[in-house]
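>>> What shape does this take:
(2 chains)
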Amino acid sequence: MRVLKKVLFALSCTVLAPSAYAQQASDNVVKIGILNDQSGVYADFGGKSSVEAARMAVQDFGGKVLGVPVEIVNADHQNKPDVASSVARQWYDTEKVDAIMELTTSSVALAVQGLSKEKKKITMTTGAATTDLTGKQCSPYGFHWAYDTHALAVGTGGALVENGGNKWFFLTADYAFGYSLENETSKFVKSKGGQVLGSVRHPLSANDFSSFLLQAQSSGANVIGMANAGLDTANAIKQAAEFGVTQGGTRLAALLFTLAEVKGLGLKAAQGLTLTEGWYWDQSDENRAFAKKFMEKTGRMPNMIHTGTYSAVTQYLKAVQKAGTDATEPVAKLLHEMPVEDVFAKNGKVLPNGRMVYDMYLFQVKKPEESKSEWDMYKQLSKVPGDTAYLKAAESGCQLTQ
Amino acid sequence: MSTIFGIPAPAFYGQLLIGLINGSFYALLSLGLAVIFGLLRVINFAHGAQYMLGAFAAYLLLGYAGIGYWPSLILAPLIVGVTAVVIERTMLSRLYNLDPLYGLLLTFGLALILEGVFRYWFGAAGQPYSPPSQLTGAVNLGFMFMPIYRGWVVVASLIICLSTWLLIEKTRLGAYLRAATENATLVQAFGVNVPRLLTLTYGLGAALAAVAGVLAAPIYQVSPLMGSNLIIIVFAVVVVGGMGSILGAIVTGYMLGVLEGLTKVFYPEASSIVIFVIMAIVLLIRPAGLFGREE
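Below is the predicted model:
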């Protein structure tokens, strides 16, 4: 009998305890969904490592918020907006997911942010690039972390134009992200007095770029702007070297290129490339400490997508903590107001259109002989202040800010 | 400057040449598929994975044993061929009496498992593999820079395609193989070990895929996804050429490579579907394929 009483007592404790502590968190768990490409061209750009970054953020936060556990769920959207939307719908409707993050691939991010706006749920995009997320298609519950096509255009595009790259030809990935990146960069190049001679649109994961590179070469451009990402950019760079494109003095602008792709390409092929990222592991002791922990879990160094995802999850949990609830409206309001101060961003602020503004950096890929260790790959050229890198809310075209 | 179809002639020749290079891979891969289908009546969905295995074998041989490109060109296909023989003996051979669908499902499953395992080990971004020092650099052909390595790919692929065709059409062993597909029981009655012939054929087909993989390694990165990116196109090539027709696979491989290359000039957005459009048209007009015969 006494045993039975003890069991009953223990049971009632477990059943009652969470609800007693957390009147404010719905359904006794805060669930964050990481939805990204885990098997395709962008699997190393974000992928499973982003999921691990999100888990690290939860762990460092203590595993709990408002007294209830925080859970990370994840899924592979295969770069297909329809797959992503149906996963998101299922997460919101039946699995009580409170927010979706990462969202690599712009077409997917736009679809999921649209759906989430309808369902009044928070999205924090770190993996996708298009400025439309905080522009024409902005959402009061949508946040854009890490980077966007405008920052890339200003950073990498700006650096090349300043060094005499005034005739551009674009190699553009044939979907929302590519158009947005080409468009932002073209505008920037023209505003600095440069010319855009043409562009060619290639299917996602095209594999062979030699044909497009020849077209770029015969256009007479002195810069080939690669408005693509992931394996596509890596393959294009490699093939450009093979076909003597760079020998002729034409320069390559890898507009979206991160540590993960530099690693895949190898320093020999990637040396000298200029690129824009918001974070690099070897910038400070704090960064090195974070990168070391990340390395132990994933076997690779983080890029800005991974650390950005860590930052987004952390900031979301801070907002939930401060709001005392996981309800969308108050949390979104706090996310707009709270400054971002963590390992990823210093003095970060969120604009009314959902854009998180922080300083970006222009890096150059080291020569093989300059590199001291396996992941020692960048030297920092300059800092691009957040206010220059990102569009002002009023210029973004977002209805919410007018 | 003279123009062809509205584009400058040098650019046009450049694109033709690039089409020929891509066509070499299509031809090599579809050749292996056609050999396997022609003799085993198995639709080998693991072909892309075997191509990827060939590239990884070369990469691992270099990384762990210091074995360079040239020995790998022989060793990697051997390794992949042996694994294919094991697969055929332990799994595939049990399915010959069943509906062809089972062979397709088995090889498709194997492909997914292999790809998943390699993605787990190596990530998706791809590993670099350098061409051998004898074949680096490029020659200026006047109208374009021709990387020497790509020229070598065209030559190597032509040699391999031709010798495989000769092996099957002109030798005694090839005659046995063809006879075994026509009437296995009769050939067996003459004292030929038919199951062993089939095993060797599957091994040969897989080895051909691995050769293509080693050839591709220095051009594309060695990545777990390299096979699945290509395999669907290669299936289309085999269907257009005529299922099981070896000559058809070779000729169609080169032809579609060139056509795809030209599409990239005139309407790049369509370059990833042009082969399938052609497949649909050919199936409508000649259901057995360009070189296939009606059964």
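
>>> Ramachandran coordinates for the residue in the stretch 301-402 of chain A that chain B sits nearest to?
Relative to chain B, the nearest point of the stretch 301-402 of chain A is A:N303 (11.1 Å; CB to the nearest CB). Glycine gets a C-beta too; all of them are placed from N, C-alpha and C. Torsion angles at A:N303 (phi, psi; degrees, to the nearest 10) stand at phi -110, psi -170.

>>> What about it, how many residues nearby?
Using other CB atoms under 10 Å in any protein chain shown, A:N303 has 26 neighbouring residues.

>>> pLDDT averaged over the helix or strand harbouring A:G198 - what is it?
For A:G198, the host element (DSSP states H and E) is strand A:195-202. Strand A:195-202 shows a mean pLDDT of 92.

>>> ranges for the strands of chain B?
With DSSP state E as the criterion, chain B has strands at B:3-4, B:7-8, B:138-140, B:145-147.

>>> Looking at these, which is nearest to chain A?
Among the strands of chain B, strand B:145-147 sits nearest to chain A (CB to the nearest CB), with 3.4 Å.

>>> is that closest one up against chain A anywhere?
Yes. Applying CB under 8 Å from any CB of the partner chain, one finds that strand B:145-147 is in contact with chain A at B:F145, B:P147.

>>> now for that strand, which elements pack on it?
Contact here means 3 or more CB pairs under 8 Å, 6 or more residues apart in numbering or on different chains; DSSP states H and E; on that basis strand B:145-147 packs against strand B:138-140.

>>> Give me the buried positions along the strand it packs on.
Neighbour-count burial for strand B:138-140 flags B:A138 (criterion: 16 or more other CB atoms under 10 Å in any protein chain shown).

>>> on that earlier part again, so can I have TSV of the strands of chain B showing distance to A:T94 and mean pLDDT?
Converted to TSV, the strands of chain B look like this (distance: least, CB to CB, whole Å; pLDDT from 0 to 100):
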stretch	distance to A:T94	mean pLDDT
strand B:3-4	59	68
strand B:7-8	55	70
strand B:138-140	57	81
strand B:145-147	53	83
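
>>> what does the domain assignment say about chain A?
A:27-147+A:284-354, A:150-277+A:360-387 (automatic domain parsing).

>>> ranking those domains by mean pLDDT, which is last?
Among the domains of chain A, domain A:150-277+A:360-387 scores lowest, at a mean of 90.

>>> what does stretch A:83-101 rub up against?
Residues from elsewhere that reach stretch A:83-101 (CB atoms under 8 Å, 6 or more residues apart in numbering or on different chains): A:26-27, A:29-35, A:54, A:73, A:75, A:77, A:103, A:108, A:111-112, A:115-116, A:119, A:121-126, A:309, A:312-313, A:316, A:326, A:328.

>>> ok, and the closest non-adjacent residue to B:F56?
Spatial nearest neighbour of B:F56, excluding adjacent residues (CB to CB, 6 or more residues apart in numbering or on different chains): B:V222 at 6.0 Å.

>>> roughly how far apart are the one you found and B:Y51?
11 Å (CB to CB, to the nearest Å).
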